[in-house]
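>>> Below is the structure, and that's it, no one-letter string:
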């Protein structure tokens, strides 16, 4: 099993798919990494040589990935909340940020329904 950026890459998958298991590496970046490392995309991870793994590891190391990227994202969210902009306020309240309606949907962001009892007459 190949270990790149502290992540165990699944050995029975193709290289492009396996690299997406690293946080911060999507399909387009995985293709770019494999092209720069001169590794064929269709080869499975178990068929990679040690030299190919070293080249891929070197290419992946040039990007901000995993823990460093997660902390950078958290710092950006904290900055938005500190300056009190619209997106920061929505983060603070746990509501959707990008203009979605909240009357009917957005259950993922708002959480489980909180039923409000009717007013007694």
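Done, it's in. All of these numbers come straight from a predicted model, not from anything done at the bench. Numbers count the residues shown, from 1 in each chain.
>>> which residues are contacting the longest helix along the chain?
Using DSSP state H, we find that the single longest helix of the chain is helix 66-83. In this structure, residues lying in contact with helix 66-83 by Cβ atoms under 8 Å, 6 or more residues apart in numbering are 5-7, 22-24, 64, 87-89, 91-92. Using the backbone N, CA and C atoms, a C-beta is placed for each residue, glycine as well.
>>> Centre of the chain to it, how far?
Using Cα atoms, centre = their mean, to the nearest Å, the mean C-alpha position of helix 66-83 is found 13 Å from that of the whole chain.
>>> Next, the buried residues of it.
Residues of helix 66-83 classed as buried under the neighbour-count rule (16 or more other Cβ atoms under 10 Å) are 66, 80.
>>> any idea which helix or strand comes after that helix?
helix 86-93 (DSSP states H and E).
>>> which secondary structure elements does that next one contact?
helix 66-83 (3 or more Cβ pairs under 8 Å, 6 or more residues apart in numbering; DSSP states H and E).
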